[in-house]
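Visitor: Test case, fold it:
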Amino acid sequence: MFLSRFDSRSKLLVRSLMAGASGAHRALGVFHRQQRANPEMSLSNFMETLCQDEITSPEIGAQPLTAKPLVCLFPVLFKQNLLSFIYLVHSVLPQTSILHLLKCLSQDSHPNPWVTALGRQLERSLGTHNEEPLYTRPCSQRLKELSQRLVGFGETGGWAKCLSGQTVESESLRASGLSELGTQRKRKGSFVTLDSGDEETGHQIKRIKMDGCGGERVDAEEQSTNEVTSGRLERDAPAETPAEEQAAPDSPSHSLPEHIKVSVLQIKELLESQTEWDQSSMDVFKVLNDCDPAQMEVLCSTLSLPALPEQTLPKLCSSVLTLSLDLSYSSAATLIKSLLLEKVLSLSEPASRCLVTAATSLCSQYPRPMCHALVGPVLMEKNIGNPQAELLNRLIEGCLDSHYRLLLLQMTFKIAWSEALLSIIHSLLDSKPDLNEEVFTQFTEQLVSQGPQFTKSVKFAKMMLTVLTKYSSHVTAAHKHSLSGCLLLNETFLKKSLQAALKRITHT
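Guide: Here you go, the predicted structure:
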C-alpha cells in the first residue's frame, strides 16, 4: 500500500525486502544490477522516502491522527531485512542517512527486539560507539537465571560440571526405565517394541540432558526415554531378539529415521524411471527439509548422487528449488558437493547443457554453499583445465553477487596460479568486486610473486591490463613501483600497452 511513495527503482528494492527471510540478499542482488545498469545511481531517494512522515489511522486510546516515519509502518520482517541490507551496503551510503533512518525506527511504538539489536549492531559498525547491549533487559534477566542454574556458576568448568552431573542422572533414568520395564514384562509378558533407531535414541537422551540443566522435567519425555531404554534392551537381549536383528545392518541408510528411509526408496525409484515427473512425484523431495547435515550425507550416499546421469540433473535441481523452505547452508553444501563436484572435476570437454543448467540454477538459489562446496574446491585443484574454467566463469558472471566474487578472488591468493586459473581471476576482476585497499594490496603482491612464471602468458598480460585500467584509482605509489618491476619481465606483445597504462596512472 506504500509502494506509490517510492520511485520505480526503489519499488524493486521494497518488493525484494518484503520477499521472506531471504529479502536482504534479494535486495542486494537488485541493487547490484541497478548499479551495473547505472553506476551513478544511489540509495538517497530510497532512504529519504522511508524517513518521510506518514499520517496513520487512529489507534485505540490515541489521538485521531498521528504522524510516523513511513519505515515504522512496514512489517517487522521488512525492517529486519532492511537493516540487514543496509549493513551489507553501508560503505556506499552517507552515515548521516543511516543514522537518520535508525532515529526514525526508534519512534516505533511497538519495537521488535531483533530490529533493535540489528540497529545497534549497525551503529557499532558505523563507529558511533553504541555501548548498549544487543539483547533486551528481559533477555538479559533470563540469561542470568539460566546461568545461575548451572553448577559452579561464576567458576570455570560450570558447563562441564553440569553435563557431567547428568551422567549419574542419566544412569538413574536408565535404572528407572529398567525397573518399569520389568513391571511391564511381568504384566504383559513381552518387551515394548520401538521403531526408532539409534539416532532418535541419541536425540531423546540429549533432550533429557538439556532439560536437566534447566531443572525441569516433562512427563512425556520421561516416558519416551523409558521407551527408548526398553527398545535398546530389547535389541540387546539374546533370549528375546532374533540373531539377525542383533547384527548391525551394512547399509548406511540404517541411521536414517523410518520416514526418511521410505522417501529415499521413492526418490531412488523416481531417479531410475524414464517417465516425466509430475507434481506428486516431486513432492517426495520435501523430505530434504527434514534432514540434518549428517542425514543429508547418508541420503546422498544411499542415492549414489555422484554417479547420477547428467540428463537427470535439471529435473532433480528443479525439484529441490521448488521446496517450500530453503535448505540450510550445510545441507545445501552437501547436496551440491555430491551432485556436481565429481562431475565438474572430471570434465575433459565443455560442460553439457544439463550440467550447466543444474549448476547455474543451484548457484542462483544457494550462492554461498556453491562457493564453498563447488567453486572453492575446483579452484584448489591443481590440474583444472579450460572446461572447468569456462563453467566457473559462467557462474561468476551470471549467478554471483559482488561479495561472493570478492570471496572467490581472495581464495586465489592462497593457491598457485595456472593458465586456466588466470582466466577465472580475469573474469572476477572484470565483474568489478568491491576491492578495499587491503585486498587490492594482497592482490598486487600475488601479481608480483606469481608473475615470473607467466612472462610469456597473454592471459596474464590481459589480466594485468585490466588491473591497470579498471582499478587505476586503487594503485598507490608503492603499488606502481612493484608493478613496474613486474612489467619489465613481460615478453608478450602487450608489454608496451601495459607500460603506457601504468605511466598514465598519476598520484596527487
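
Visitor: Show me the helices in the stretch 351-500 of the chain, by range?
Guide: Counting by DSSP state H, counting those that start in this stretch, the stretch 351-500 of the chain has helices at residues 353-365, 367-370, 376-380, 386-399, 402-411, 419-430, 437-450, 458-470, 477-488, 495-504.

Visitor: Need the ones you listed in TSV (columns: distance to Ser328, mean neighbour count and mean pLDDT).
Guide: Backbone N, C-alpha and C define where each C-beta goes, glycine included. Compiled in TSV, the helices of the stretch 351-500 of the chain are given as follows (distance: least, C-beta to C-beta, whole Å; neighbours: other C-beta atoms under 10 Å; pLDDT from 0 to 100):
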stretch	distance to Ser328	mean neighbour count	mean pLDDT
helix 353-365	13	19	92
helix 367-370	9	21	92
helix 376-380	18	16	91
helix 386-399	20	19	91
helix 402-411	18	19	89
helix 419-430	27	20	90
helix 437-450	29	16	89
helix 458-470	37	19	90
helix 477-488	41	15	86
helix 495-504	46	15	89
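
Visitor: Please name the residues that touch the closest residue to Leu391 other than its chain neighbours.
Guide: With sequence-adjacent residues excluded and distances taken as C-beta to C-beta, 6 or more residues apart in numbering, Leu391 is closest to Ala351, at 4.7 Å. Neighbour list for Ala351: Val344, Ala359, Pro387, Glu390, Leu391 [criterion: C-beta atoms under 8 Å, 6 or more residues apart in numbering].

Visitor: sorry, back to before: could you save the helices of the stretch 351-500 of the chain as JSON lines and add columns showing distance to Lys103?
Guide: Shown next, in JSON lines, are those (distance: least, C-beta to C-beta, whole Å):
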{"stretch": "helix 353-365", "distance to Lys103": "36"}
{"stretch": "helix 367-370", "distance to Lys103": "33"}
{"stretch": "helix 376-380", "distance to Lys103": "41"}
{"stretch": "helix 386-399", "distance to Lys103": "37"}
{"stretch": "helix 402-411", "distance to Lys103": "28"}
{"stretch": "helix 419-430", "distance to Lys103": "39"}
{"stretch": "helix 437-450", "distance to Lys103": "31"}
{"stretch": "helix 458-470", "distance to Lys103": "38"}
{"stretch": "helix 477-488", "distance to Lys103": "40"}
{"stretch": "helix 495-504", "distance to Lys103": "45"}
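
Visitor: Can you name the next helix or strand after the lowest-mean-pLDDT helix or strand in the chain?
Guide: The least trusted helix or strand in the chain, going by mean pLDDT, DSSP states H and E, turns out to be helix 243-246, with a mean of 36. The element immediately downstream of helix 243-246 (helix or strand, assigned by DSSP states H and E) is helix 258-272.

Visitor: That next one - what's its average pLDDT?
Guide: Helix 258-272 carries an average pLDDT of 85.

Visitor: Please determine how far the residue nearest to Lys432 when sequence neighbours are not counted is located from Leu28.
Guide: Computed as C-beta to C-beta, 6+ apart, the closest residue to Lys432 that is not its neighbour in sequence is Lys470, at 6.6 Å. Here Lys470 is placed at a distance of 22 Å from Leu28 (C-beta to C-beta, to the nearest Å).

Visitor: and the closest residue in space to Ser44 that isn't next to it in sequence, what is it in contact with?
Guide: In this structure, Ser44 finds its nearest non-sequential neighbour in Ser97, 6.7 Å apart by C-beta to C-beta, 6+ apart. Shown in contact with Ser97 (C-beta under 8 Å, 6+ apart): Leu43, Ser44, Met47, Glu48.

Visitor: Please narrow these to those residing in helices.
Guide: When these are checked against helices (DSSP state H), the matches are Ser44, Met47, Glu48.

Visitor: Looking at the residues you listed, spot the one nearest Leu447.
Guide: Distance to Leu447 across the ones in helices among the contacts of Ser97 (C-beta to C-beta) is lowest for Ser44, with 36.4 Å.
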